[in-house]
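J.: Pasted the sequence and its predicted model underneath.
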Amino acid sequence: MEAIVGETQLVIRPDRDLLSRYGISVDHIMALVADAIGGREAGQVIQGNERYNIYARLAKNHRNSIEAIRSLIVHAPGGALVPLHKIAKVGIESGPPQIRRDDVQRRVLIQANVEGLRPVLMTASIAILKVKNAVMLRRRLCL
């Protein structure tokens, strides 16, 4: 059966009490991380009539490293330099489940290997019959 789990995602939970001690806003923290991972426009290169934006961001090995992200330095308005992990919890978590759909119908994929001489279609038909007999589906659900 297809796993119905969420995608892993980077989660940053700022500690608002610590942020207020340093005078740092949540927006400042999130902008720092967004710029470090996604990049920020740093200029343009012009070649003839064409313009190309230049983006600055962390190198790939640092963008993919939770420790590198935790070690990002936050500049406080008072001049303090604070590592991100001192003022926010930084981690990788499973996100919300992804719902797969065909047209407007939700879909869950069930896969199996077939051994022996029985044709695949016959095996699938038998499996569907067994599930129909064993499981009471709610209205509007189908196999």
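T.: On my side now, so go ahead. Numbers count the residues shown, from 1 in each chain.
J.: so what's the nearest residue to His75 once chain neighbours are set aside up against?
T.: Nearest in space to His75, with sequence neighbours left out and distances taken as CB to CB, 6 or more residues apart in numbering, is Leu81 at 6.3 Å. (C-beta placed from N, C-alpha, C; glycine too.) The contact partners of Leu81, by CB atoms under 8 Å, 6 or more residues apart in numbering, come to 73-75.
J.: now the residue of the chain positioned farthest from its centre: how far from Thr123?
T.: Going by CA atoms, centre = their mean, the residue of the chain most distant from its centre is Leu117, 42.8 Å out. Counting by CB to CB, to the nearest Å, the separation of Leu117 from Thr123 is 11 Å.
J.: How about Ala134?
T.: Ala134 is 16 Å from Thr123, by CB to CB.
J.: out of these two, which sits in the busier spot?
T.: More crowded of Ala134 and Thr123, by other CB atoms under 10 Å: Thr123, with 15 against 7.
J.: Show me the shaky parts of the chain.
T.: 1-6, 96, 98, 140, 143 (pLDDT under 70).
J.: what about the strands in it?
T.: 6-14, 40-47, 50-56, 73-75, 81-83, 88-97, 101-102, 105-106 (DSSP state E).
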